[in-house]
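In: No sequence on hand, only this structure:
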């Protein structure tokens, strides 16, 4: 700032301006008194810097020019408005009263790291910057995506299922349930055999469980989920058939089963006609509901068959499904499963009054069980389909064979 007089816009000469010395408590003294100062520094000795220039000190007529920044004992305090030129740091005041320039960088393109203050003797305090950004925050580094997952999205990106992968790769739509569903089928078959040996009402408990799993599994197999109304309607048809059979007795089993099936088909048709869905959806829902109700109601044949026939047929189904789940080629696995079912029928028939006729019953039940097993393996089924339809369909499909062959053999 010049001390020479100047003329204003009216041509009158103005007296030179003098630097005002603040005697009271100012912002500079308040801020500077908060942080430690180096030796030889006196708060309040610097005037207010001009715009875009660093502060200029004036003591006894001697002026010392500082850079765009002023360093106080290692505390980097920026009071100016202009940015720091590349390769120039703040001037450091030494105890002798002389301004010492900071050490220059080694070469262009190798600047000092952000957030590092210039070295000052006896200074090891943290850099603080007022009015500017002290250090640039590093950008977050994107982590590699996890194997098997897609890119992150707001709504999520679920993992591709085995059925979706097989469909995308063009593989066969047949996916067999495996050993775990087969083991559950064998367990449920043994429960049916044990219940039939105990009594009719003891057989009713595993039968109701079989009907519930069949209703849920068939809808899931057809891609309709949750479909609570259809599942409840099909399961209610099975319960109605069981009740009708218990009331009328085994001698009237065909009338009870077929009569309940006819009523439920009409009921399903009425409900679908009252639906406000599209015609194609209503037709698809009608067929799925009728098929599910038919399977559930037909499973009542275990309750209508002779107890010895139920025991032999359930054991044969259990053995056939376990043999089918072995890791063998499909033709060999089917042959072994049928032979195992016939052998199980002979063994179970020897423990009952059926005798050698149990081989025919076991073979027929095994064929129906393999058909149900094949149906549960179709059209890229999911794990849930395997654990429901894959468990229940072999036993439900074997019910008509158990009832009819039981009457023939017995």
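Out: Yes, it's here. Nothing here was measured: the structure is a model prediction, and the numbers come from that model. Numbers count the residues shown, from 1 in each chain.
In: The helix or strand harbouring residue 197: which residues count as buried?
Out: Per DSSP states H and E: residue 197 is located in helix 179-198. By neighbour count on 16 or more other Cβ atoms under 10 Å, the buried set for helix 179-198 is 181-182, 184-186, 188-193, 195-196. Using the backbone N, CA and C atoms, a C-beta is placed for each residue, glycine as well.
In: Show me which pair in those residues is furthest apart.
Out: Spatially, the most separated pair among the buried residues of helix 179-198 is 181 and 196, at 22.5 Å (Cβ to Cβ).
In: circling back: buried sites along the helix or strand following the helix holding residue 197?
Out: Elements were assigned by DSSP H and E; along the chain past helix 179-198, the next helix or strand is helix 200-221. Neighbour counts over helix 200-221 (16+ other Cβ under 10 Å) mark 203-204, 206-208, 210-221 as buried.
In: For the stretch 151-300 of the chain, give me the ranges with low pLDDT.
Out: 151-163 (pLDDT under 70).
In: would you list every one of the helices in it?
Out: Along the stretch 151-300 of the chain, the segments classed as helices by DSSP state H, counting those that start in this stretch run 162-169, 179-198, 200-221, 228-248, 253-273, 279-298.
In: now what about the last one, what contacts it?
Out: The contact list for helix 279-298, computed with Cβ atoms under 8 Å, 6 or more residues apart in numbering, reads 211, 214-215, 218-219, 222, 224, 227, 230-231, 233-235, 237-238, 240-241, 257, 260-261, 264-265, 268-269, 271-273, 275, 277, 393, 396-397, 399-400.
In: Swap in 7 Å and give it another go.
Out: 211, 214-215, 218-219, 222, 224, 230, 233-235, 237-238, 241, 257, 260-261, 264-265, 268-269, 272, 275, 396, 399-400 (Cβ atoms under 7 Å, 6 or more residues apart in numbering).
In: Same check on stretch 196-215?
Out: For stretch 196-215, using Cβ under 7 Å, 6+ apart, the contacting residues are 188, 191-192, 195, 231, 234-235, 238, 242, 292, 295-296, 299, 302-303, 307, 310-311, 388, 391-393, 395-396.
In: Pipe the helices of the stretch 151-300 of the chain into CSV and attach distance to residue 359 per row.
Out: Output for those, formatted as CSV (distance: least, Cβ to Cβ, whole Å):
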stretch, distance to residue 359
helix 162-169, 38
helix 179-198, 17
helix 200-221, 23
helix 228-248, 28
helix 253-273, 24
helix 279-298, 24
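In: Just tell me which of those helices ends up closest to residue 353.
Out: helix 179-198 (12.2 Å).
In: ok, residue 295 - how many residues close by?
Out: Using other Cβ atoms under 10 Å, residue 295 has 25 neighbouring residues.
In: Could you measure from it over to residue 395?
Out: 11 Å (Cβ to Cβ, to the nearest Å).
In: can you list residues touching both of these two?
Out: What both residue 295 and residue 395 touch, as defined by Cβ under 7 Å, 6+ apart, is an empty set.
In: check contacts around residue 403.
Out: 301, 304-305.
In: Residue 359 now?
Out: 342, 345-346, 349 are the contacts of residue 359 under Cβ under 7 Å, 6+ apart.
In: now swap in residue 312 and tell me
Out: Contacts of residue 312 by Cβ under 7 Å, 6+ apart are 345, 348-349, 352, 354, 358, 361-362.
In: what's the answer for residue 221, then?
Out: Taking Cβ under 7 Å, 6+ apart as the test, what residue 221 contacts is 376, 381, 385, 389.
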